[in-house]
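> Any chance you can model this:
(one chain, ligands or ions: 2)
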Amino acid sequence: MEQDHLDRFDVSRPEFDHDRAQAAIRELLLAAGEDPDREGLVETPERVARAYQELFAGLYTDPDEVLDRTFDESHEELVLVRDIPMYSSCEHHLLPFHGMAHVGYIPNDQGRVTGLSKLARLVDLYAKRPQVQERLTSQIADALARKLEPRGVIVVVEAEHLCMGMRGVRKAGSTTTTSAVRGIFRSSASSRSEALSLIRGR
Ligand SMILES: Nc1nc2c(ncn2[C@@H]2O[C@H](COP(=O)(O)OP(=O)(O)OP(=O)(O)O)[C@@H](O)[C@H]2O)c(=O)[nH]1
Ligand SMILES: [Zn+2]
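Ligands and ions are numbered 1, 2, ... in the order given. The predicted model follows:
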C-alpha cells in the first residue's frame, strides 16, 4: 500500500468490526492452547476487542477536522507544546510504544493559530492507529503544515517500544527519538536549534 494512502483520511473505511475482533481474540487464545471458556478468560475477547477499538480510534476521525477551528492572533513567534504524553501501537507487533511528543510551529504572517489542546488531540489521533514512530511524527507535522500554513513546524517524538523491551532484542529502557521539520525549521539551522533547545528544556 502506498504511503500516500496512509496519509490521507479514508472516508470509505468501514467501522471497527467488534464481533470480528472478538472472534479473532478467541482464536488467539485457542492457538495459545488456552481455554477461552474458563472463568478468567470468558469475557476477555470482548474486553480486548473494546480495547483495540479504542486504541485504533484514530483511524475513524479526519485529522483535518481537529484543526478546523483556527483563529488569527497576530502572533508570529514560536508556539510550542512540550511533553504531550503519547501512547501508540507498533504496527509490526501490535505492542505499545509510548513516550512524549513535542509539537511547535511558527504561525504565518496572518498569525493563524489553533487551540493548544488541538495539538495534543492531533498527537492522540495519529497515535491511535497501527503505527511506526517515523510516520506518526511526520503525519503530525504534515497535518499542521496543511491546515495552518505556518512558517514552520517542528515535531519531536521520544518513545520506548515494548517490542524491543519485553521480547525480541530485549533492550528495555532504550528510547527512540524522531523528528519532522517543515518550512523555516528545515531551511534555517538557527531556528531549528532554538526550537530544539526549548524542547530539551534548556
Ligand atoms: N523504524 C521503525 N521500526 C520499528 C518501529 N516499531 C518497531 N520497529 C521494528 O520493526 C522491525 C520488524 O522487524 P522484523 O525482522 O520484521 O520482525 P522481528 O523478527 O519480530 O524483529 P525483532 O524485533 O528484531 O525480533 C523490528 O526491527 C522492530 O524494532 C518503528 O516505529 N519504527
Ligand atoms: Zn514492534
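> and whichever residue of the chain sits closest to ligand 2, what does it touch?
Closest approach between the chain and ligand 2, counting by CB to the ion: Cys163, at 2.8 Å. Where you see a C-beta, it was placed from the backbone N, CA and C, and this is true even at glycine. For Cys163, the contact set (CB atoms under 8 Å, 6 or more residues apart in numbering) comprises 90, 92-93, 95, 97.
> so, in contact with ligand 1 or not, the helix or strand hosting it?
Assessed by DSSP states H and E, Cys163 sits inside helix 162-165. Yes: Helix 162-165 lies within reach of ligand 1 by CB under 6 Å from any ligand atom, at 163-164.
> Sheet partners, orientation included, of the helix or strand following that helix?
Toward the C-terminus, helix 162-165 is succeeded by strand 176-183 as the next helix or strand (DSSP H and E). Partner strands for strand 176-183, per DSSP bridges, with pairing direction: strand 152-161 (antiparallel).
> Tell me how far the strand it pairs with lies from the chain's centre.
Offset of strand 152-161 from its chain centre (CA atoms, centre = their mean, to the nearest Å): 9 Å.
> tally of neighbours for the closest residue to Asp64 other than its chain neighbours?
What sits nearest to Asp64 in space, not counting adjacent residues and going by CB to CB, 6 or more residues apart in numbering, is Lys147, at 6.1 Å. When neighbours are defined as other CB atoms under 10 Å, Lys147 has 19 of them.
> Counting by contacts, list what the strand or helix carrying Val113 packs against.
Per DSSP H and E: Val113 is located in strand 112-114. Here strand 112-114 touches strand 70-72, helix 133-148, going by 3 or more CB pairs under 8 Å, 6 or more residues apart in numbering; DSSP states H and E.
> Output the contacting helices and strands for the first one.
Right, strand 70-72. Against strand 70-72 (3+ CB pairs under 8 Å, 6+ apart) you get strand 112-114.
> and Phe97, which of the three is it?
strand (DSSP: H, G, I helix; E, B strand; the rest coil).
> and it, what does it touch?
Contacts of Phe97 by CB under 8 Å, 6+ apart are 88-90, 131, 133, 159-163, 176.
> Narrow those to those that are buried.
Buried members of the contacts of Phe97, scored by 16 or more other CB atoms under 10 Å, are 88-90, 131, 133, 159-163.
> Could you work out the end-to-end span of stretch 86-106 for me?
Stretch 86-106 has an end-to-end distance of 22 Å (criterion: CA to CA, to the nearest Å).
> So that stretch, near ligand 2 or not?
Yes: judged by CB under 5 Å from the ion, stretch 86-106 comes into contact with ligand 2 at 90, 92-93.
> Torsion angles phi and psi at Ser12?
Dihedral pair for Ser12: phi -90, psi 0, per degrees, to the nearest 10.
> Low-confidence regions, the protein specifically.
Scanning the chain for pLDDT under 70 picks out the ranges 1-6, 202.
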